[in-house]
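Colleague: Turn this into a model:
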Amino acid sequence: MRIETKYREGLKLLMKSKPLDEINVVMLCDAVKSNRQTFYYHYRDISDVIESMFLKERIGYGIKPFEFESIVKPFLAYVNSNVTFLTAVANSFASDKVEQFFYSFFYQRTTQYLKLSKKEELVGQTNVTYVVRYISSLFSKETVFWILNKRKERQVHLQKRFSLIWDYFINSYSKGMKGTK
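Modeller: Next up is the predicted model:
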């Protein structure tokens, strides 16, 4: 196993028992039986490890988003199976990393969906960026809010909100924009 992987897995393990804000480089090095010099060879700080973790994460990899469900279902499955890690990061100094990760996921998938479904033409090239950014921003903020509120709201309600936003921007908005420049 590569040392970078050991640091990422060690940090995830430590976050199960301690808040991320209380974990330092020495603790992480002790957990993975490494020294600080090795750590600093690979990473600048704990935040850098978290960023590396999100860069390595894959959600529904290889699935073509031909419909809304093929984007949201794998995403929510990922969130549910990694809720401890995501909550720990969202409640820490690195909370922006979770939102950026979610934003990036939705940005890529929504862009891919618009191209594959040919709805890119309906929305209009000038509006594609706006629509993709807006959807990505709303979905990522809603998900972080849902996680931070300990998922008190049922997942079905979150999916319904996503569906309404999606329907408005991809279907209603695109029909309204057809023929406008």
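Colleague: in the chain, which helix or strand is least confident?
Modeller: For the chain, the helix or strand with the lowest mean confidence is helix 173-177, at a mean of 57 (criterion: mean pLDDT, DSSP states H and E).
Colleague: Ramachandran angles for residue 34?
Modeller: According to degrees, to the nearest 10, the main-chain angles of residue 34 amount to phi -140, psi 170.
Colleague: Contacts only, for the nearest residue to it once chain neighbours are set aside.
Modeller: Ranked by C-beta to C-beta, 6 or more residues apart in numbering and with sequence neighbours excluded, the top spatial neighbour of residue 34 is residue 3, at 6.6 Å. Just so you know, the C-beta spots here come from the backbone N, C-alpha and C atoms, and that holds for glycine as well. Listed by C-beta atoms under 8 Å, 6 or more residues apart in numbering, the contact partners of residue 3 are 32, 34, 38, 42.
Colleague: Most neighbours among these, which one is it?
Modeller: Neighbour tally across those (other C-beta atoms under 10 Å): the maximum, 19 neighbours, falls on residue 32.
Colleague: okay but it is in contact with residue 8, surely?
Modeller: No: the pair formed by residue 32 and residue 8 falls short of the contact definition of C-beta atoms under 8 Å, at 9.5 Å.
Colleague: quick one, domains of this protein?
Modeller: Using automatic domain parsing, the domain parsing of the chain gives 3-51, 59-177.
Colleague: Which of those domains has the lowest mean pLDDT?
Modeller: By mean pLDDT, the lowest-scoring of the domains of the chain turns out to be domain 59-177, with a mean of 86.
Colleague: so how far is the longest helix seen in the chain from its chain's centroid?
Modeller: Selection of the longest helix in the chain by residue count, based on DSSP state H, yields helix 125-148. Relative to the centre of its chain, helix 125-148 is centred 11 Å away, using C-alpha atoms, centre = their mean, to the nearest Å.
Colleague: same check, this time on stretch 150-161
Modeller: Using C-alpha atoms, centre = their mean, the mean C-alpha position of stretch 150-161 is found 16 Å from that of the whole chain.
Colleague: Same question for stretch 92-112.
Modeller: Averaging C-alpha coordinates over stretch 92-112 and over its chain gives two centres that are 4 Å apart (C-alpha atoms, centre = their mean).
Colleague: Work out which residue lies at the spatial centre of this structure.
Modeller: When the chain is reduced to its mean C-alpha position, the nearest residue by C-alpha atoms, centre = their mean turns out to be residue 102, at 2.2 Å.
Colleague: dump the residue contacts of residue 104.
Modeller: Residues in contact with residue 104, defined by C-beta under 8 Å, 6+ apart, are residue 136.
Colleague: go on, the one 3 residues further on?
Modeller: Taking C-beta under 8 Å, 6+ apart as the criterion, residue 107 is in contact with 132, 133, 136.
Colleague: All set now, cheers.
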